[in-house]
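# can you look at this prediction? I've put the sequence above it.
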Amino acid sequence: MMVNSRQKGKRGELEVVHLLKEYGFDARRGQQFKGTSDSPDIIHDIHGIYIEVKLRQNLNLHTTIEKADEEKEDYQKSVVFHRKNSKPWLVTLHAGDFLKLLVELLDETRSEP
């Protein structure tokens, strides 16, 4: 991997760490040497979520989410944070995972007094 590519990956990961912290999550960059669940892009306190970060102009989302699925091991859901230059961050996850999260959120809202 070229140095510029590594630097760009690091910059993207640090941006996502900052974004997660803005919303009250504890997050930091993972160790970048294996590409497995014990060395994820981001280490955080969001239970069950494996985060893959991509800062690219062109991205094959299906390939990227499949890679995250392979690396997630014990995590329940794979999430890809991605963006192009000068664009906002987007998040991609499987539709079923999104709907499960939405149902959980709605169930919590409905059960509040």
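Okay, I see it. Numbering: from 1, shown residues only.
# chain center to stretch 84-94, what's the gap?
Centroid separation for stretch 84-94 versus its chain: 10 Å, with C-alpha atoms, centre = their mean, to the nearest Å.
# tell me who's in contact with L20.
L20 makes contact with 27, 42, 44, 46 under the criterion C-beta atoms under 8 Å, 6 or more residues apart in numbering. For glycine as for every other residue, the C-beta is placed from the backbone atoms N, C-alpha and C.
# CA atoms only: put the host helix or strand of it into CSV for me.
Using DSSP states H and E, L20 falls within helix 3-22. Listed in CSV are the C-alpha atoms of helix 3-22, where the atom choice follows Å, rounded to 0.1, in the frame of the first residue of the first chain:
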residue,chain,number,x,y,z
VAL,A,3,2.1,5.9,1.8
ASN,A,4,-0.5,8.4,0.5
SER,A,5,-3.1,5.7,0.6
ARG,A,6,-2.3,4.9,4.2
GLN,A,7,-2.3,8.5,5.2
LYS,A,8,-5.7,8.9,3.5
GLY,A,9,-7.0,5.9,5.3
LYS,A,10,-5.7,7.2,8.6
ARG,A,11,-7.3,10.6,8.0
GLY,A,12,-10.7,9.0,7.2
GLU,A,13,-10.5,6.9,10.3
LEU,A,14,-9.7,9.9,12.5
GLU,A,15,-12.6,11.8,11.0
VAL,A,16,-15.0,9.0,11.8
VAL,A,17,-13.6,8.8,15.4
HIS,A,18,-14.2,12.5,15.8
LEU,A,19,-17.7,12.2,14.4
LEU,A,20,-18.5,9.4,16.8
LYS,A,21,-17.1,11.4,19.7
GLU,A,22,-19.3,14.4,18.7
